[in-house]
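K.L.:
Test case, fold it:
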Amino acid sequence: MMARIAGRSAEDTRQQILDAAATLISTHGTAIPVTEIADAAGVSKGGLLYHFPNKEALLKGVATELMRRFRAEVEQTATAEPEDSPGHLARAYLRVGFSHADDPTGLHAYLSLTMHLALEGGLEELAQRDAATWRAALMADGLDPVIVRIVIAATDGSNSAPLWGAVLTDHDRATLEADLIALTHPPHTLTSSPAP
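P.N.:
Predicted coordinates for the structure are as follows:
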């Protein structure tokens with residue numbers, strides 16, 4: 001049995017397990033044995049089961065951590081503007097979303113992980129609650145709901161298109177991001193320019 005690595009807290013160990021699980025699931029799917037996840041995390045199977053008593057708890061932990069990290073990144077980005085500034089959360093959401101699409105390798109791993117988790121029973125409710133929380137927060141961000149829907153759809157779509165031969169060039173995507181930011185600041189002045 002592997003002992004806990006000296007100097008590593010229980011929270012560090014839990015995080016190491018979640019990170020290892022996310023990496024392996026994105027590559028091999030949710031059928032990956034917990035023993036392989038434990039090995040990758042540098043813990044025994046018993047150590048993994050101490051933190052996550054079964055595979056379902058581990059998958060829920062991975063999904064929850066994925067959502068938590070995205071939310072934390074958006075909230076951190078939103079702090080660049082005053083909290084009472086209309087659209088500050090929508091702008092942070094789109095900035096983070098577009099920045100993720102700039103890293104094709106990381107984006108591929110992220111989308112692969114989310115697809116594997118989405119196919120797993122029992123996580124739909126968790127994902128729907130997270131989506132409902134986002135929708136409520138973005139709709140309460142002081143913008144016209146039409147603008148909010150456009151921002152969400154374009155941001156979420158920009159995260160998947162680069163993987164399969166995107167129609168939009170990098171210049172198009174940068175212009176789209178600028179146009180979306182402009183939509184969140186009245187009066188709406190788009191920066192559209194001819195494609196190079």
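K.L.:
low-confidence ranges in the protein?
P.N.:
1-8, 161-166, 188-196 (pLDDT under 70).
K.L.:
how does it divide up, domain by domain?
P.N.:
10-53, 56-184 (the TED database).
K.L.:
highest average neighbour count across the ones you listed?
P.N.:
Highest mean neighbour count among these (mean count of other CB atoms under 10 Å): domain 10-53, with a mean of 17. Heads up, the C-betas are built off the backbone N, CA and C, glycines and all.
K.L.:
end-to-end on it?
P.N.:
Taking CA to CA, to the nearest Å, the first and last residues of domain 10-53 lie 15 Å apart.
K.L.:
Could you pull up the contacting residues of residue 141?
P.N.:
Neighbouring residues of residue 141 by CB atoms under 8 Å, 6 or more residues apart in numbering: 86, 87, 88, 89, 90, 148.
K.L.:
That one in helix, strand or coil?
P.N.:
Secondary structure state of residue 141, per DSSP: H, G, I helix; E, B strand; the rest coil, is coil.
K.L.:
Skip the chain neighbours and tell me the closest residue to it.
P.N.:
Of all residues not flanking residue 141 in the chain, residue 89 sits nearest, at 4.5 Å (CB to CB, 6 or more residues apart in numbering).
K.L.:
Do I have it right that the one you found meets residue 74?
P.N.:
Yes - shown here, residue 89 and residue 74 form a contact pair, counting by CB atoms under 8 Å, at 7.2 Å.
K.L.:
For residue 51, give its distance to residue 146.
P.N.:
44 Å (CB to CB, to the nearest Å).
K.L.:
Find out how far the helix or strand where residue 21 lies is from the centre of the chain, if you would.
P.N.:
Using DSSP states H and E, residue 21 sits in helix 10-28. Taking CA atoms, centre = their mean, to the nearest Å, the mean C-alpha location of helix 10-28 is offset from the chain mean by 15 Å.
K.L.:
same question, stretch 14-30
P.N.:
15 Å.
K.L.:
Please apply the same query to stretch 55-69.
P.N.:
With CA atoms, centre = their mean, you get 12 Å for stretch 55-69.
K.L.:
Please apply the same query to stretch 148-160.
P.N.:
With CA atoms, centre = their mean, you get 13 Å for stretch 148-160.
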